[in-house]
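>>> Here is a sequence with its predicted model. Questions after.
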Amino acid sequence: MFKETALSGQTTFFQKLRSMDYILLVCILILGVISSLAMYATDGGELLYHTKSHVLRFIIFFGMMFVLSFLNIRFWHATGYLFYIIVLGLLIWASLYGITASGSQRWVDLYFINLQPSELMKIAIIVCFAKFYHRAQINQINHFKNLLVPMMILILPILLVVSQPDLGTSILIALSGIIVLWLAGINLKYFIYSGLFLLISMPFVIAFLKPYQKLRILTFFNPDKDPLGAGYQIIQSKIAIGSGGLTGKGFLKGTQGYLEFLPEKHTDFIFTLFSEEHGFIGSLTLLFIYGVIIYRVIDIGKNARSFFGKLFCFGFASSIFVFITVNMSMVLGLLPIVGSPLPIMSYGGSSMLATMIGFSIVMSTKIYQKQLIA
Amino acid sequence: MFGGGGDSGYKKLSTVNRRMFIMTAAKLVIFGGIITRLFSLQINENKKYLTLSDKNRLREWRLPPVRGDFEDFFGNKIASNLKVYQLHVVPEQVEDFRYLMIRLRDILDIDSKTFKKILKKKSQQKSWETLIISENLSWDQFAKINFYLHELSGAKPVLSVARNYPYNEKFTHLLGYVAQASEKDLIENEVIKKSHVPGLRVGKIGLEKTYENQLIGSNGIQRYEVNAYGKRINQIDFVEGKKGTNIKLTVDTEIQAQCNELLKDKAGSICVMDIYTGELIAMHSSPSFDPNLFLYGISHDNWNEILNNPKKPLINRSIQGLYPPGSTIKPIVALSALENDVISTKFKVNCTGKTEMYGQTYHCWKDTGHGIVNLRDALKVSCDTFFYEMSRRLGVDRLNLTAKKFGLGEKVFNGTYNEEKEGLIPSTQWKKNALGRGWVLGETLITGIGQGYMQTTPLQLCLMTAQLANGGFKIKPKIIYDKNSDTYEKIKSEMEKNRIELLSDFQQDDALVDFSLEKKKRDTDLYKPLYRNQENIKFVLEAMFASTNEVRGTSYSSRISDKKYQFAGKTGTSQVKKITEIQRELDLDISQIPYEERDHALFVAFGPYVNPRYALSVFVEHGGAGSSAAAPLAKKLFKNIVDRHEEREKIREKSLMEI
C-alpha cells in the first residue's frame, strides 16, 4: 500500500492523466485509424458519407471517453441502476415510438442522434450486474431469491430487443449478462439447468422465429443450397476473405466490396473487406490489437480494488471478446448470420457510443484503481 | 473492507479471479480457432477463392461472329454480310421499361404479335442481357428512332451485320441459307455450340450448312468488370473476332442468272459443267425462293406459300430430284453395247412403231416407225425399237456397269450436300436384294430407254455427258474453287497420257470387272479412261452431233450452226405414268393432260462440238417432250456459256499470274 496518500486522497489532474492506461488508449486510437481507412476503402476510395460520419463519430466519442474517464469510479457505481433503467426506458420507448428501418423497430430519435438503445444495453447490463454483485455476499449469491432479481434484469431487455425484432443483439446482451453472472460466482449448475431448459424449449422458440430468421439458420448449415438467395452473404464473404491470401489484395484493391458483392459491408461485414485487402497478416494484426485491448482491460480489472470495477472490467473484456468472436465467426462462415457489429471497426454510432462508455468506465477504474467503494 | 468484507469478500474475489482465468483460457482457444479458420480460408484455400472472386468480378460478352462470304468465279459476292440497323435495349438500364416499349411500339409500328414476342423474350433473359427489339430496321425507322432518341432513354440504335443474299432466289439451292440456330444445330455441331450467341444465324442446308465450320468465324469477346448486379463497371479486355473464311465457288453468276430466267415459272433444273476441270458453272433448281426471307424468321404467310406451292420449291431438283432419264440414257446404252461387242455399228433393226417381245407390246415413240435404222440413226432419231432390241442383247447387268462408270446411280458431290440423292441404276442383283423378286427380261427393254426402275438426278446426267464429251475420261466435279487444282492443260495431257497407255495395254479386257473392286479404284481413277475402245466414245459423240445438227435429228430445231457455238445433244422424254392403249390412240396434246401426268422433258448436251469444253443437262418437270421443252433452253444457254468462257479464261490466267 505504498503511495497510498497520493491515491486515496485527492489527486491532481496530472496525476490522473499520468495514471491512464496508455497502451489501451493507443490501441483504441489505432483501431480508430484502421476502421476509418477500412471505411474509406469500402466507400470505393472516396470520402463519402460513411467515412466522414465514422471519423467524426470516432473523434467525438473518443473525446467523450477521454473526458468521462476522469469521473470517479464511485459515480458509475452510484448511477449503475439508473443507467440500466434509463436504457431500459429507451428500449421501451423504441418499441413504442421507435424508428423502423428494414423491418425492425430499434432506433429512438434523440434529435441529435438516432440512438439504438439495444447497443447501450450491452454495456448497461454489465454495469447493472457489477453494482448488484458488488455488495452481495458470496454465500447468498446462489440463493434462489437472490437469483430472481438478476434474472429479471437480464430477461426484460432481452424480451424487448427480441420483439424489435433483433435476434443478434438480444443474443449478445444475453451472452454479456450470462458471462457476468457466471463471473460473479453463480453456480455452474444453474447455467447447465437453464441451458437444458433452453434446449428443450428450442422447438417452441423456433416456431416463433420469423421466416427470415429460420432461413438464416438453415442457410448457415448449407450456404450453397441457395447461393444467390439467403446463402449469398456467407458465400460472398468467404470468397472475399479467402481471395485475400497471405498479404491481401492491397489497400483499395479489394474487388468484392467495391463491386458491391458484399451486403452490409460498412457494418457487419467490415472485417471481410479489411481481410480481403490486408490478408492473413492484416487480420492477425487486427486480432492482435483486439487481444491487447482485452488483455489490458482484464489487467486493469485485476488491479482494481473495488469489486464493482473488477467485475465490470472482467465482464466488459469478456463481452468485447464475445462481440469480436461472434462477428468474425459469422463472416468466416462459422456461425449463422446474425446482426452483430465489430466493436469500433463497424459503422454505427450507438455501438461505438456504448463501447466508448465501456472504455471510459474501464479507464476510470484504472485511474481510481485504489479507490474503495462502500 | 472489501464489498461484503471478511472471508466472504476474499472468497468472492478468488471466485471471480479463478473464473476470469478460465474465461481467459477459453478466449485464447477461441481466438486460436478463428485464426485457424482464417488460415484455412486465406492460405490453404486461397487459390480456390481467388478464382471464385475473379469469376464474380469478370463477365464476358461474346459478340456474334462475322460469317465468311461466298463469291462466284468472277469474284461477285453471292452471299455476304450487310450492315443492318438494329434496335437494342438493355432492360436493366431502362428506367421505365413499359413506357419505353409503348413508345417504341408507336414509333416503329410494331404489331401486337411481335410486341408480345418481344415481351416474352425479355422475361426469358437476364436483365443485363441485350434485348433485340428489331433486327432489321428500315432506314426510315432508324432515322425516326434517332429523332426521338432523347425521350427513349435506354434504347440503343445499333449498326450490326447480317447475312445477305444479293441474288435473292438465284443461288438458293446451290448455297442453302442461314437461319437462327436451333437447339438441334447446337447439339449436332460442336463449333456452333462454342461460338453461339443469342440470335446467331447458322447454315440450315446446302453449302451454308456443309461449310459451317469454315464460314462461322470466331466471336469477338468483350470482358467487363461487373458489380454484384451484373452492371458493367469497365471494359478490361477486347478481343476482336475473326471473320469466317470466304469461299470462292466455280459458278458463274451470269449463267446461273440465265438458268433462272430460262426456268422461270417452270419446275426443273439446269446444270452446266466444265468437262475437264469438273467445275460447276451453274446449277439451278426451279422454282426457287428468296433465302433472305429466312434471316429474321420467315413469316407464316411466306412459309405457307413456299410449303404449299405444288411445284415444291424446297426440293433441290438438281441433286435431290430423281427422275427416269428417258432417252438421255441412250448414248450410254449404245456405248455399253459397243464396248461389250454386243453389236457392231453396222447392226440394223427395222422399226415398225412397235415390237412384240415376251408377250408384251413395246412401242416406239414414233407410232409410224422409223423403218430400217442403224445405231447412228437410232441415236439421232431416238428410235426406241432399236434400243429394245439392242438392250435385250446387252442385258441389264452390263448396262448397269457402264452407267455406273459414267457417274449414274452414285452421289456426284459425295458429302458436299447432305440432301444429295444417289439415284438408282437397276441390276438383276439389285432387284433380288431390294424387291426380293427375279429380274423380268421385259424390264431390260424399258431400262434400255431410260424408263422403269432407273432413276437419275439432273446433275448425274450432266456429269455423264461431260465424261462422254471429254473423250471418255473420269473427272471430279467440284463447286468450291481451288486455286491449286489441276489446270485444263494438265488434265488434257494427263488424259492423253492415259489414252496412250491404254492403247499399249492389251490386257485391258472385259468391261465386266468385279464391281466392289471397281468402286475402290474409283478415286484413283481420276482422268483415266472409262472406255475400252475410244472409237466407241467417238461414235456416240458423233451420233449425238447428228441428233442436234442433222435433219430429222430430235433436237435439230434447237441447233446453232455457228461453229463457235455448235453443240451436240440428246433429248429425253420420260414417262411419269404408263401410257394406256386408249391414251395412245387419243394422242392427246400436252395441254390436255393433267400437269402431274405430263412427261418430263430432258436434254443433255456438250459443246462447242469442235473442242468441246462444257456439258449441260436441262430438266423440265412435266414439261412435255424433251425436244420442244428442254432442248430450246440449251440453245439459248449455249451461246452465253461459250462467250463467258473467254471471260473465265482471262480470270484463270490472272489467278495463275498471282501465283
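Done, it's in. The structure presented is a predicted model; accordingly, all values stated were derived computationally and were not measured.

>>> got a list of contacts for stretch B:351-359?
B:361-364, B:366-373, B:383-386, B:388-389, B:392, B:440-442, B:445 (Cβ atoms under 8 Å, 6 or more residues apart in numbering or on different chains). Any C-beta I mention is one placed from the backbone N, CA and C, and that applies to glycine too.

>>> What subset of these is buried?
B:362-364, B:369-370, B:373, B:383-386, B:388-389, B:392, B:442, B:445 (16 or more other Cβ atoms under 10 Å in any protein chain shown).

>>> Now, those that are in strands?
Taking DSSP state E, the ones among the buried ones among the contacts of stretch B:351-359 that sit in strands are B:Tyr362, B:His363, B:Val373.

>>> show me what contacts A:Lys253?
A:Lys253 neighbours (Cβ under 8 Å, 6+ apart): A:Glu277.

>>> quick check, it in a strand?
No. A:Lys253 is assigned coil when assessed by DSSP: H, G, I helix; E, B strand; the rest coil, not a strand.

>>> gap between it and A:Glu46?
15 Å (Cβ to Cβ, to the nearest Å).

>>> who touches B:Ala466 in this structure?
So B:Ala466 contacts B:Met273, B:Asp274, B:Ile275, B:Gly278, B:Ile475, B:Pro477, B:Phe606, B:Ala615 (Cβ under 8 Å, 6+ apart).

>>> neighbour-wise, which of the residues you listed leads?
B:Met273 (31 neighbours; other Cβ atoms under 10 Å in any protein chain shown).

>>> Can you tell me the element that residue falls in?
If you go by DSSP states H and E, B:Met273 is part of strand B:268-274.

>>> Tell me, how many residues neighbour B:Tyr556?
17.

>>> What separation do you get for B:Val226 and B:Val373?
B:Val226 is 85 Å from B:Val373, by Cβ to Cβ.

>>> Which pLDDT value belongs to residue 314?
By default, I'm working from chain A. Each residue has a pLDDT score; the one for A:Phe314 is 95.

>>> ah, I was thinking of chain B
91.

>>> For the contacts of B:Ala466, which two are the farthest from each other?
By the measure Cβ to Cβ, B:Pro477 and B:Phe606 form the most distant pair in the contacts of B:Ala466, at 14.5 Å.

>>> what helix or strand is A:Cys128 on?
helix A:117-135.

>>> Dump that helix to CSV, keeping only the CA atoms.
Output of helix A:117-135 as CSV, limited to C-alpha atoms (Å, rounded to 0.1, in the frame of the first residue of the first chain):
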residue,chain,number,x,y,z
PRO,A,117,-30.7,1.6,-27.1
SER,A,118,-30.2,-2.2,-27.5
GLU,A,119,-26.5,-1.4,-28.2
LEU,A,120,-26.2,0.6,-25.0
MET,A,121,-27.9,-2.2,-23.1
LYS,A,122,-24.9,-4.4,-23.9
ILE,A,123,-22.9,-2.1,-21.5
ALA,A,124,-25.7,-1.2,-19.2
ILE,A,125,-26.4,-4.8,-18.2
ILE,A,126,-22.7,-5.2,-17.2
VAL,A,127,-22.8,-2.0,-15.1
CYS,A,128,-26.0,-3.1,-13.5
PHE,A,129,-24.8,-6.6,-12.6
ALA,A,130,-21.5,-5.2,-11.4
LYS,A,131,-23.3,-3.0,-9.0
PHE,A,132,-25.7,-5.7,-7.9
TYR,A,133,-22.9,-8.1,-7.1
HIS,A,134,-20.6,-5.5,-5.6
ARG,A,135,-22.5,-5.7,-2.4
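
>>> buried residues in whichever helix or strand comes after it?
Note on helix A:117-135: by DSSP H and E, the next helix or strand toward the C-terminus is helix A:138-141. Residues A:Ile138, A:Ile141 are the ones in helix A:138-141 that count as buried (16+ other Cβ under 10 Å).

>>> what about the helix or strand where A:Leu199 lies, near chain B?
If you go by DSSP H and E, A:Leu199 is part of helix A:188-208. No. Counting by Cβ under 8 Å from any Cβ of the partner chain, no contacts exist between helix A:188-208 and chain B, the nearest distance being 9.5 Å.

>>> chain center to that helix: distance?
Counting by Cα atoms, centre = their mean, to the nearest Å, helix A:188-208 is centred 24 Å from the centre of its parent chain.

>>> same thing with stretch B:250-264?
16 Å.

>>> same check, this time on stretch A:94-102
On Cα atoms, centre = their mean, the centre of stretch A:94-102 falls 21 Å from the chain's centre.

>>> quick one: buried residues of that stretch?
Buried-residue list, stretch A:94-102, by 16+ other Cβ under 10 Å: A:Ala94, A:Ser95, A:Gly98.

>>> Not counting sequence-adjacent ones, nearest residue to the first one?
Take A:Ala94 and drop its neighbours on the chain: the residue closest to it by Cβ to Cβ, 6 or more residues apart in numbering or on different chains is A:Val108, 4.8 Å away.
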